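Student: Structural data only, the sequence is not supplied:
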């Protein structure tokens, strides 16, 4: 069944109606979901405009601070496609699956995490902080750790602690990753869930 128009979609429970703008492409100057030095395939992110928000999505904290016409990032596998007689793609996505709000349409560093997610900048692997050596990882050496470390740039309103500026450890396979090259250096940003944090490093 195809709906005549997207305005006829009334989201229930904690869902949000989003018009998909596009899948974020490297051509925009940002590589989304490229795991650096990892031989794994990551899912892609969609960028979309919020059309409607179910009241419960805000009440339950999943979409706190979210407004109609905000531009959001979410996994391409989040939610469900809705067939509409239009050239645009529409999805109904649970508020809990929205990763963050783009506060600046042209700058992926300006991401405001939603709910209990954090935006972290992955630290270089050759840094030593607080007595913890973030050394090169050899996947064939079982005595070496297999963790990523990231500095918190921003965190969502539902996070249970103040993570501002903290260095956190998490596995390489969690979250959604955005990476960009700047001045010849590769900078990796990742949106992770608070529940994926293994520990913080005291500095």
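Tutor: Thanks, I have the structure now. On a predicted model such as this, the values are computed, not experimentally measured, just so you know. Numbers count the residues shown, from 1 in each chain.
Student: For residue 94, give me its contacts.
Tutor: Listed by CB atoms under 8 Å, 6 or more residues apart in numbering, the contact set of residue 94 reads 13, 14, 15, 16, 57, 62, 78, 79. The C-beta positions use only the backbone N, C-alpha and C, and glycine is treated the same way.
Student: Angles on the backbone of residue 6, please.
Tutor: Main-chain dihedrals, residue 6, degrees, to the nearest 10: phi -70, psi -30.
Student: how deep is it tucked in, by neighbour count?
Tutor: 17 (other CB atoms under 10 Å).
Student: Tell me if I'm right that it and residue 86 touch.
Tutor: Yes: with contact defined as CB atoms under 8 Å, residue 6 counts as touching residue 86 (6.7 Å).
Student: Scan the contacts of residue 94 and report the most crowded one.
Tutor: Neighbour tally across those (other CB under 10 Å): the maximum, 29 neighbours, falls on residue 16.
Student: That one and residue 160: what is the separation?
Tutor: Between residue 16 and residue 160 the distance is 23 Å, computed by CB to CB, to the nearest Å.
Student: same deal with residue 45?
Tutor: 25 Å.
Student: Same drill for those two, tell me which one is more crowded.
Tutor: Neighbour tally, residue 45 and residue 160, criterion other CB under 10 Å: the higher count belongs to residue 45, 24 against 8.
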